[in-house]
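J.: Got a sequence here, can you model it:
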Amino acid sequence: MHRTVPRFIRSQGNVLKGFFGKGGEKETVKQLTVEEQESLRKTLPSIRARESTQVSAPSDSVTDFDDDLFDNRIDTDSIRARGFLKYTQNYTPSTEVKDLVFETASKCLQAAGITVKNVEEYQFADGDNSVKFELLNRLGNSMKHWPTNGKLVHLKTVEDVANFYQEPVKNVTKYTEMARDERNPKNVSIMEQAVRFHPEDTHMYHGGVTAFPGSGGEVISLRQKRLLRQFQPKKEWFDYDDLTFDYSRPDKNMPWDPEVAKQMDKYTDKRYNLKTKQFTRIQQ
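T.: Modelled structure (predicted):
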């Protein structure tokens, strides 16, 4: 079961209990001990990791404990782009990206003690990738966009690096772009995601009842397991017992109920009343 932030706070000894009393009156704040602060500091990273992978949460489980816990949400496009696309994050170049590349290249060349007239025509030396690495490292950290291993071979000059950072990158396929295009004709319907059956979707047209009992429910891809729900299908006849059979005794609370019969055998001077469902003493 997913451990929400309110449950974590309650498990830490009700740390926030006492912030506000009854009627919204502020009370004395309990100071954390050194051991409690250290325990809280060690546990917060794991909570942030779990909250970052949570797609949605009910409204009653959200608290204003820490805004940073809810800033990072999973990007479904970046997850689906893993494995078959070169880039998992979108990149949109700015209008001044070319000047930024040339300025950064001049700083790297000055730090390496190299003087050139035209920075854009500088060609990286074969066998010495120190300047090339420093330039790409600075640009990648500033713009959060790095070239792939296959692209590094083709970046021979500073102008090639500038051309690379001027190209926009998308982490979706052409099919996804067509599905999200609002200019599609009215007679064209493109489904971006496949519709999967789940027994909890009782609001759907199938009402939570599958047409293929005993099969389905498993997501094989590790990438899709973060996005799609799984369920355990009912394969054997006894899996349906809870829905088909009623195990409540029809003779419950009746005189011939074994539990009632045992009580009647104990008290010989009492009898069982069917109307009141109680024992009454026999008047002698």
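J.: For Ala112, grab the count of nearby residues.
T.: 12 (other CB atoms under 10 Å). (Glycine included, C-beta is placed from N, CA and C.)
J.: With the one 10 residues further on instead?
T.: Tyr122 is surrounded by 22 other residues when neighbours are defined as other CB under 10 Å.
J.: per-residue pLDDT, it?
T.: On the pLDDT scale, Tyr122 is placed at 92.
J.: Then Ala162?
T.: We note a pLDDT of 94 for Ala162 in this prediction.
J.: Distance check, it against Thr92.
T.: In this view, Ala162 and Thr92 are 16 Å apart by CB to CB, to the nearest Å.
J.: swap in Asn141?
T.: In terms of CB to CB, Asn141 sits 17 Å off from Thr92.
J.: now do Thr148
T.: Using CB to CB, we find Thr148 at a distance of 18 Å from Thr92.
J.: try Arg229
T.: In terms of CB to CB, Arg229 sits 33 Å off from Thr92.
J.: One more: His203?
T.: Using CB to CB, His203 is found at 38 Å from Thr92.
J.: Likewise for Thr157?
T.: As judged by CB to CB, Thr157 and Thr92 stand 24 Å apart.
J.: cool, Arg271 as well?
T.: Where Thr92 is concerned, Arg271 sits at a distance of 87 Å (CB to CB).
J.: what's the answer for Glu103, then?
T.: 20 Å.
J.: Without its sequence neighbours, what residue ends up closest to Val209?
T.: Distances taken as CB to CB, 6 or more residues apart in numbering place Pro199 nearest to Val209, at 7.9 Å, with adjacent residues excluded.
J.: So that neighbour: helix, strand or coil?
T.: Secondary structure, DSSP: H, G, I helix; E, B strand; the rest coil: Pro199 is coil.
J.: show me where the chain has helices.
T.: Secondary structure of the chain (DSSP state H): helices at 5-11, 34-52, 76-81, 97-111, 130-143, 149-152, 158-165, 174-180, 241-244, 258-266.
J.: Highest mean neighbour count out of those?
T.: Among these, the stretch with the highest mean neighbour count (mean count of other CB atoms under 10 Å) is helix 158-165, at a mean of 20.
J.: what packs against it?
T.: On a contact count with 3 or more CB pairs under 8 Å, 6 or more residues apart in numbering; DSSP states H and E, helix 158-165 meets helix 97-111, helix 130-143.
J.: can you put these in a markdown table and add distance to Glu36?
T.: A markdown table is the format used below for the helices and strands packed on helix 158-165 (distance: least, CB to CB, whole Å):
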| stretch | distance to Glu36 |
| --- | --- |
| helix 97-111 | 46 |
| helix 130-143 | 36 |
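J.: Go through those helices and name the closest to Asp241.
T.: helix 130-143 (59.2 Å; CB to CB).
J.: ok, residues contacting that closest one?
T.: The set of residues external to helix 130-143 that reach it, using CB atoms under 8 Å, 6 or more residues apart in numbering, is 91, 97, 100-101, 104-105, 107-109, 111-112, 114, 124-125, 145-147, 152, 155, 158, 161, 165.
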